[in-house]
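# sequence plus the predicted model coming up.
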Amino acid sequence: MKLELKNISKSYGKTMALKGFSKEFVPGIYALLGPNGSGKTTLMNIIATNLRPNNGEILFNGENVTKLGVNYREIIGYMPQSPGLYPYFTAMDFLLYISALKGLNGNYAKEKIIEMLGAVEMEDYADVKIKNMSGGMKQRVALASAVIGEPKILILDEPTAGLDPKQRIIVKNLVASFAVESIVIIATHVVPDVELIAKDVLMLKNGEIVLSGSPDSLIESMHGKVWSKAIEENELAKYKEKFSMTNISKHEDKLVVRIVADSIEEAQMVQPNLEDCYFNVFGVD
Ligand SMILES: Nc1ncnc2c1ncn2[C@@H]1O[C@H](COP(=O)(O)OP(=O)(O)OP(=O)(O)O)[C@@H](O)[C@H]1O
Ligand SMILES: [Mg+2]
């Protein structure tokens, strides 16, 4: 299975949201990282065919997706950044409705819905109206609706935003379980959420890929560039001016700062992580 994006561009008036984006996707998890406005949602909407690009084409197993039409849409599961769920529906009614759109009906649909609600720990809320749910609960109903029907291409736009730590882990595991057979594309600002599960990380800036690779290779490229240093509180401003500082913690009467730099005096070299790589690309300001 292969999804190819070839030279995709999209502008909204004068804003170029995507500039000649090309990438080949096979089963596995692809993480889209980038600051607000870098084009992640635009890209996802284009892959889901909710938006048409101005230029470029998308091929699924070699065939143009506009030609595949409904046959392509059927294999897509999409969780938007701000899911518009029907407030007066219960979770069950909403998911039955989504299932019907995906061609699942009757008892089979009901069984699948119960299974998916269980997977996101929402089985006790099947009969609760969406308007009476918390933000995190709505988020999980939206995720269940995206994964129902076992999509070959699963697109998740910030699926862990607003979830408590335990639910984040549940969602992470659910997403990882899908990646065995499906192409999973996930946009997130929570970098550690994708560090261990992504096969490929795409860093987007102003609608272009500025860096991509496996988490391991990106982390390896930061080796020798991440430092920990204990400083006095009154030195903080000076260090902030000079270096990219990714973390500040207090230790006894000193501050311990985490710094991304080629070299720095009297500091301890530490094991880099994906977030360091993100800050190295995008800066901390
Ligand atoms: N419907 C729209 N009309 C006009 N401009 C838009 C529209 N949607 C997005 N844009 C612009 O396109 C660019 C990319 O936006 P997009 O929503 O794809 O970014 P993003 O990476 O998803 O950001 P975020 O992290 O905030 O979700 C931004 O400059 C944004 O202002
Ligand atoms: Mg977005």
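Good, I have the coordinates. Numbers count the residues shown, from 1 in each chain. Ligands and ions are numbered 1, 2, ... in the order given.
# thought residue 59 was touching residue 4?
Yes: the pair residue 59 and residue 4 passes the contact test of Cβ atoms under 8 Å, sitting 4.4 Å apart. From N, CA and C alone the C-beta is placed, and that goes for glycine too.
# ok, the residue of the chain found nearest ligand 2 - contacts?
As assessed by Cβ to the ion, ligand 2 sits closest to residue 41 within the chain, at 3.1 Å. Neighbouring residues of residue 41 by Cβ atoms under 8 Å, 6 or more residues apart in numbering: 80, 81, 157, 187.
# tell me what the most centrally placed residue in the chain is bridged to.
In the chain, the C-alpha closest to the average C-alpha coordinate belongs to residue 187, at a distance of 2.3 Å (Cα atoms, centre = their mean). Applying DSSP bridges to residue 187 gives these bridge partners: residue 32, residue 157.
# could we number from 14 for the rest of this?
Fine by me, first position is 14 from now on; the one you just mentioned is residue 200.
# does it touch residue 48 like I think?
No: counting by Cβ under 8 Å, residue 200 sits too far from residue 48 to count as a contact (11.6 Å).
# and the contacts of stretch 219-237?
Against stretch 219-237 from outside (Cβ under 8 Å, 6+ apart): 23, 29-34, 36, 51-52, 55, 207-209, 211-217, 273, 282, 285-287, 289-290, 293-294.
# quick one: end-to-end length of that stretch, please.
28 Å (Cα to Cα, to the nearest Å).
# and it, how far from the chain's centre?
16 Å (Cα atoms, centre = their mean, to the nearest Å).
# for residue 292, what are its contacts?
Taking Cβ under 8 Å, 6+ apart as the test, what residue 292 contacts is 257, 259, 273.
# same check, this time on residue 83
Residue 83 neighbours (Cβ under 8 Å, 6+ apart): none.
# show me the helices in the chain, by range?
Residue ranges of the helices in the chain, as given by DSSP state H, are 53-60, 78-81, 83-86, 104-114, 119-132, 148-160, 178-191, 205-208, 228-233, 249-255, 287-295.
# elements contacting the fifth one?
Read that as helix 119-132. Other elements packing on helix 119-132 under the criterion 3 or more Cβ pairs under 8 Å, 6 or more residues apart in numbering; DSSP states H and E are helix 104-114, helix 148-160.
# residues in contact with that helix?
Contacts for helix 119-132 (Cβ under 8 Å, 6+ apart): 104-105, 108-109, 112-113, 117, 136, 138-139, 154, 157, 160-162, 183, 187.
# among these, which ones are buried?
Using 16 or more other Cβ atoms under 10 Å as the burial test, the contacts of helix 119-132 include 104-105, 108-109, 112, 117, 138-139, 154, 157, 160-162, 183, 187 as buried.
# around ligand 1, which positions in the stretch 64-213 of the chain sit nearby?
Neighbours of ligand 1 within the stretch 64-213 of the chain, by Cβ under 6 Å from any ligand atom: residue 94.
# no further questions, thank you.
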